[in-house]
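**Q** coordinates only, sequence not included:
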């Protein structure tokens with residue numbers, strides 16, 4: 001087991017933190033041989049830029065794992081020789097198996113990427129979690145860094161659970177907002193039912209008043225008009241058309257029985 005710090009390398013997390021704070025990007029270059037590595041380090045030292053040295057599975061096989069360790073260490077020493085010690089990350093690019101990632105972690109790589117896109121989704125998730133759990137074992141400062149920066153570390157499994165929790169929270173919020181709307185609409189409905197009930201009660205009173213006036217008019221016809229007409233008939237004044245009998249109308253409007261629709265006492269009095 002060779003830790004990346006023994007080679008003078010840094011973890012990409014440290015670089016990203018500084019880059020986000022400083023507002024700059026970090027170059028990442030794939031290399032396969034010494035000449036490419038020499039050019040990359042020379043350019044980055046000249047520009048005083050941190051760099052991520054990326055190695056694919058094919059390049060790792062081509063260059064040999066043991067030689068890569070010493071190439072990485074040589075890159076660190078070469079930068080110092082050129083006059084500026086730049087931060088350097090050695091990164092596995094698109095590792096396609098747990099064994100490849102494990103081998104890189106144990107031989108000095110400071111960053112690995114697992115690419116399980118060639119597997120079904122469930123297998124991809126399982127493989128990614130396996131690599132993440134392994135990587136966390138070799139980086140004892142990861143959890144402290146996450147806590148200090150309010151970052152929640154999530155594997156695919158925990159991420160799905162977290163997203164489900166967030167979705168449930170949004171559903172609960174939506175239900176609460178809907179309940180508030182229902183209460184508001186219910187209040188308006190009751191107020192408007194009360195208003196309509198008041199109008200109907202007024203119509204009922206008007207009908208009762210009209211019925212009472214009609215009955216008074218009928219009484220006046222019978223007690224006064226017909227009496228006078230009968231007196232004229234004794235004097236020989238008559239008509240072939242008999243006066244129609246006027247019925248008495250009994251109009252009593254139905255009051256609301258439900259307490260929600262009952263009018264206040266002062267409105268009844270009015």
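**A** Received it, and whenever you're ready, just let me know what you need. Just so it is clear, the model here is predicted, and its values are computed rather than measured. Numbering: from 1, shown residues only.
**Q** ok, residue 34 touching residue 68?
**A** No: if you go by Cβ atoms under 8 Å, residue 34 and residue 68 don't touch, sitting 10.9 Å apart. C-betas here are computed from N, CA, C, even on glycine.
**Q** Break this protein into its domains for me.
**A** 4-152, 154-215+248-270 (automatic domain parsing).
**Q** can you put these in CSV and add mean neighbour count and distance to residue 226?
**A** As requested, the domains of the chain are exported to CSV (neighbours: other Cβ atoms under 10 Å; distance: least, Cβ to Cβ, whole Å):
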stretch, mean neighbour count, distance to residue 226
domain 4-152, 16, 98
domain 154-215+248-270, 11, 15
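**Q** Mind putting the ones you listed into CSV with mean pLDDT and distance to residue 237?
**A** Listed next are the domains of the chain as CSV, based on pLDDT from 0 to 100; distance: least, Cβ to Cβ, whole Å:
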stretch, mean pLDDT, distance to residue 237
domain 4-152, 89, 109
domain 154-215+248-270, 76, 28
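**Q** Could you export those domains as CSV, including distance to residue 236?
**A** Formatted as CSV, the domains of the chain follow (distance: least, Cβ to Cβ, whole Å):
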stretch, distance to residue 236
domain 4-152, 114
domain 154-215+248-270, 32
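**Q** Next one: residue 30 relative to residue 90, how far apart?
**A** Distance, residue 30 to residue 90, by Cβ to Cβ, to the nearest Å: 12 Å.
**Q** Ok, which of the domains of the chain comes nearest residue 234?
**A** Minimum separation from residue 234 across these (Cβ to Cβ) falls at domain 154-215+248-270, 27.4 Å.
**Q** doesn't residue 108 make contact with residue 138?
**A** No: using Cβ under 8 Å as the test, residue 138 is too far from residue 108 to be in contact (10.8 Å).
**Q** who touches both of these two?
**A** residue 3 (Cβ atoms under 8 Å, 6 or more residues apart in numbering).
**Q** All the helices of the stretch 101-250 of the chain, in order from the start?
**A** 121-137, 142-148, 156-220, 226-234 (DSSP state H, counting those that start in this stretch).
**Q** Report the separation between the nearest residue to residue 36 once chain neighbours are set aside and residue 58.
**A** The shortest distance from residue 36 to any non-neighbouring residue, by Cβ to Cβ, 6 or more residues apart in numbering, is to residue 29 (7.7 Å). Distance of residue 29 to residue 58, given as Cβ to Cβ: 16 Å.
**Q** Now the phi/psi pair for the spatially closest residue to residue 63 that is not a sequence neighbour, please.
**A** Distances taken as Cβ to Cβ, 6+ apart put residue 32 closest to residue 63, at 6.2 Å, once the chain neighbours are dropped. The phi and psi values for residue 32, taken as degrees, to the nearest 10, are phi -130, psi -10.
**Q** So which residue is dead centre in the chain?
**A** residue 170 (5.0 Å; Cα atoms, centre = their mean).
**Q** Please list all residues in contact with it.
**A** If a contact means Cβ under 8 Å, 6+ apart, then residue 170 has no contacts.
**Q** before we move on, the earlier item: doesn't residue 52 make contact with the residue nearest to residue 36?
**A** Yes: at 7.4 Å, residue 29 counts as touching residue 52 under the criterion of Cβ under 8 Å.
**Q** Does anything pack onto the longest strand anywhere in the chain? Which helices or strands?
**A** Criterion DSSP state E: the longest strand present in the chain is strand 88-95. Judged by 3 or more Cβ pairs under 8 Å, 6 or more residues apart in numbering; DSSP states H and E, the packing partners of strand 88-95 are helix 12-22, strand 51-56, helix 57-63, helix 65-81, helix 98-106, strand 111-114.
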